[in-house]
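Engineer: Provided below are the primary sequence and the corresponding predicted coordinates.
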Amino acid sequence: MLANGSKPATAHQAHRTIRTALNHAMRRGYVTRNVATLAVPPRIEEEEVEPYDIEEVQRLLSEAAKLRNSARWSIALALGLRQGEALGLRWADLDTSSGVLRVRKNRLRPKYLHGCGGDCGTKPGYCKKRVRKNEDTANTKSRAGRRVIGVPDELVRLLELHRREQARERAIAGEDWRESGFVFTSPTGEPLVPSTDYDAWKRLLTDAKVRDGRLHDARHTAATVLLILGVPERVVMQIMGWSSTAMAARYQHVTGGILADVAQRVGGLIWEVAHDADGSGTEGSEESR
């Protein structure tokens, strides 16, 4: 798999799936040995956490305000929803009166079958008569992923504004509108495709003059901000949809460095003021003696 271009994590997951399947087959007597245990799965390098700083976040949100679906990026940077979770949101998941968001579904990448019987000579996705073979969404992968999140008032207002803008687009589209109930859609109501969403993120980074980064770095940013603010680890886990405290531990080198920098700035300010107050450690105090 690695030789064919697959990532180590993909190969690791495939190995685990095959090993589990063969274990079931052994228990049922279909095979006498689990040969998957002989294979050594590739080592998975831990993904480096690279959050954006506050100035970069402000530039991103300022630029995003000029775009349709601008609330999409506020949700990414403030709440840290995964791409599939954000694109899988429906209006029924949002209660603006209580400021609560329920994460229940994950937007799936579309997969297609030939609608022409395979005679067109192209891949199924490019077939003019293609037929979608999977659903728009699926349940989140884990119990931790299904969660309730409190939404800041500022973001609630952005989402309400976004809903009014979507209603305007619905009126303009008329009969061409496809009612899907999704929060983030195309101008005619279709749910956004993950690849289109990713391209929009890359354009946003360029237009905001912010360093290039993965869409997942927006999620890292939200988690880092929560930890810096001193939000209890268990609460951060609930908001981010983590199932293990090990996830929070990955951010310690990031938050620790930032907190140390803040401490030095505070210390420098306090003791500089104290030195000025007691007349020590400054050129002015030397002249006064």
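Structural biologist: Everything's here; your move. Numbering: from 1, shown residues only.
Engineer: okay, now the domains of the protein?
Structural biologist: Under the assignment automatic domain parsing, the domains of the chain span 1-45, 54-104+140-240.
Engineer: just the ones you listed: most buried one?
Structural biologist: Here the criterion is mean neighbour count by mean count of other C-beta atoms under 10 Å, and of the domains of the chain the winner is domain 54-104+140-240, at a mean of 17. For every residue, glycine as well, the C-beta is placed using N, CA and C.
Engineer: following the host helix or strand of Asn23, which helix or strand comes up?
Structural biologist: Taking DSSP states H and E as the definition, Asn23 sits inside helix 8-27. Later in the chain than helix 8-27, the nearest helix or strand by DSSP H and E is helix 54-64.
Engineer: re earlier: out of the domains of the chain, nearest to Asn134?
Structural biologist: domain 54-104+140-240 (12.6 Å; C-beta to C-beta).
Engineer: determine how far the helix holding Asn23 lies from the middle of the whole chain.
Structural biologist: Helix 8-27 has its C-alpha centroid displaced from the chain centroid by 27 Å (C-alpha atoms, centre = their mean, to the nearest Å).
Engineer: what do you get for stretch 129-140?
Structural biologist: 21 Å.
Engineer: mean pLDDT and distance to Pro124 added to the domains of the chain, as a markdown table?
Structural biologist: Converted to a markdown table, these look like this (pLDDT from 0 to 100; distance: least, C-beta to C-beta, whole Å):
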| stretch | mean pLDDT | distance to Pro124 |
| --- | --- | --- |
| domain 1-45 | 82 | 20 |
| domain 54-104+140-240 | 93 | 15 |
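Engineer: make TSV out of those and add distance to Asn134.
Structural biologist: Formatted as TSV, those follow (distance: least, C-beta to C-beta, whole Å):
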stretch	distance to Asn134
domain 1-45	18
domain 54-104+140-240	13
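Engineer: and of the ones you listed, who's closest to Gln264?
Structural biologist: domain 54-104+140-240 (15.0 Å).
Engineer: first to last residue in that closest one, what's the distance?
Structural biologist: 19 Å (C-alpha to C-alpha, to the nearest Å).
Engineer: swap in stretch 244-251?
Structural biologist: For stretch 244-251, the first and last residues are 13 Å from each other (C-alpha to C-alpha).
Engineer: just stretch 49-67 next, same as before
Structural biologist: End-to-end span of stretch 49-67 (C-alpha to C-alpha): 27 Å.
Engineer: just stretch 223-242 next, same as before
Structural biologist: End-to-end distance for stretch 223-242, by C-alpha to C-alpha: 11 Å.
Engineer: now do stretch 113-131
Structural biologist: End residues of stretch 113-131 are separated by 5 Å (C-alpha to C-alpha).
Engineer: list the buried residues in it.
Structural biologist: His114, Pro124, Cys127, Arg130 (16 or more other C-beta atoms under 10 Å).
Engineer: dump these into a markdown table; add distance to Thr245 and pLDDT as well.
Structural biologist: Compiled in a markdown table, the buried residues of stretch 113-131 are given as follows (distance: C-beta to C-beta, whole Å; pLDDT from 0 to 100):
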| residue | distance to Thr245 | pLDDT |
| --- | --- | --- |
| His114 | 47 | 89 |
| Pro124 | 42 | 85 |
| Cys127 | 47 | 88 |
| Arg130 | 44 | 86 |
